[in-house]
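J.: Build me a structure from this.
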Amino acid sequence: MGAIEQLVTVAAVLLGALTTHVTNHAMERNRNRVMLLTRWDDRKLDAYEGYVDTVRACIFLAVQLYEHKEGLRESEMTEREMTAALAEAGRHRGRAFERIMLLGGDDVVEAAHQLNAAALQIDWQATGRIAGTLEEWRERNRITFKEINEFHEAARVDLGVQGSLKDESHPERDLLLPPSSASQRSDPAA
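T.: Have a look, this model is predicted:
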């Protein structure tokens with residue numbers, strides 16, 4: 001085997017080694033990028049779920065307080081205890097909102113702002129900061145649940161979840177309300 005043949009063989013081995021190294025480096029870099037994106041998607045999902053959970057917890061507490069104050073339902077807790085629980089839940093909602101601000105895409109952040117503004121209206125009517133009728137109360141709740149759905153939609157898009165909550169297979173739904181007390185008394189079967 002001549003010197004030129006040996007140089008060609010060595011050059012081919014070096015080229016093969018270099019190609020293998022570059023390919024492995026690119027694949028490893030891509031794998032790390034995918035792992036990083038997946039890790040952020042997991043954190044986003046946790047943040048989005050946690051935020052909606054805290055919003056709903058605040059709504060539940062506000063409903064409890066409002067119904068107690070309006071004489072619609074008795075509670076084992078005092079009004080002061082319910083107000084304190086609502087304030088504490090509001091602090092948790094604020095912390096969850098901050099996670100959205102850190103991790104969410106633009107549309108998710110905007111949807112969270114809209115949801116937060118609507119949810120605060122419920123808190124304020126429940127605590128008496130703003131006045132309103134029962135129908136205004138219900139309308140505030142309707143708006144807030146529509147904003148929750150808007151938030152869900154924005155979060156799904158941000159996470160790359162296929163499908164939509166807004167198409168014809170998902171019609172608009174209204175609040176689920178129990179029958180009024182008067183209709184229960186007039187219909188013993190109810």
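
J.: For the rest of this, base every contact and every neighbour count on C-alpha atoms.
T.: Fine.

J.: Spatially central residue for this protein, please.
T.: To find the centre residue of the chain, average its C-alpha atoms and take the closest one (Cα atoms, centre = their mean): that gives Tyr48, at 3.1 Å.

J.: Leaving out chain neighbours, which residue sits closest to Leu115?
T.: With Cα to Cα, 6 or more residues apart in numbering as the measure, Glu147 is the residue that lies nearest to Leu115, at 5.0 Å, once sequence neighbours are left out.

J.: Now do the helix or strand hosting that neighbour: which elements does it pack against?
T.: Using DSSP states H and E, Glu147 falls within helix 134-159. The elements that helix 134-159 packs onto, with contact taken as 3 or more Cα pairs under 8 Å, 6 or more residues apart in numbering; DSSP states H and E, are helix 3-69, helix 106-127.

J.: Tabulate those helices in a markdown table, adding columns for distance to Thr83 and mean pLDDT.
T.: Supplementary listing: the helices and strands packed on helix 134-159 in a markdown table, determined by distance: least, Cα to Cα, whole Å; pLDDT from 0 to 100:
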| stretch | distance to Thr83 | mean pLDDT |
| --- | --- | --- |
| helix 3-69 | 7 | 85 |
| helix 106-127 | 7 | 97 |
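
J.: Give me the buried positions along the helix holding Glu147.
T.: Residues 137, 140-159 are the ones in helix 134-159 that count as buried (16 or more other Cα atoms under 10 Å).

J.: could you give the angle of it to helix 3-69?
T.: Relative orientation of helix 134-159 with respect to helix 3-69: 170 degrees, computed using axes from the mean of the first three to the mean of the last three Cα atoms, to 10 degrees.

J.: Do I have it right that Ala111 meets Lys146?
T.: No: contact status for Ala111 versus Lys146: not in contact, 10.7 Å apart, counting by Cα atoms under 8 Å.

J.: so the residue nearest to the centre of the chain makes contact with Ala155?
T.: Yes: because the distance of 6.9 Å satisfies Cα under 8 Å, Tyr48 is recorded as touching Ala155.

J.: How about the contacts made by the residue nearest to Leu115?
T.: Neighbour list for Glu147: 111, 114-115, 118 [criterion: Cα atoms under 8 Å, 6 or more residues apart in numbering].

J.: Can I get the helices and strands packed on helix 134-159 in TSV including distance to Ile100?
T.: As requested, the helices and strands packed on helix 134-159 are arranged in TSV below (distance: least, Cα to Cα, whole Å):
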stretch	distance to Ile100
helix 3-69	6
helix 106-127	6
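
J.: Highest mean neighbour count out of those?
T.: Highest mean neighbour count of the helices and strands packed on helix 134-159: helix 106-127, a mean of 20 (counted as mean count of other Cα atoms under 10 Å).

J.: Please enumerate residues in contact with that one?
T.: Residues outside helix 106-127 that contact it (Cα under 8 Å, 6+ apart): 55, 58-59, 62-63, 65-66, 83, 86, 97, 100-101, 130-132, 137, 140-141, 143-144, 147-148, 150-151, 154-155, 158.

J.: tell me the SS of Gly132?
T.: For Gly132, the secondary structure call by DSSP: H, G, I helix; E, B strand; the rest coil comes out as coil.

J.: Perfect, I'm done here.
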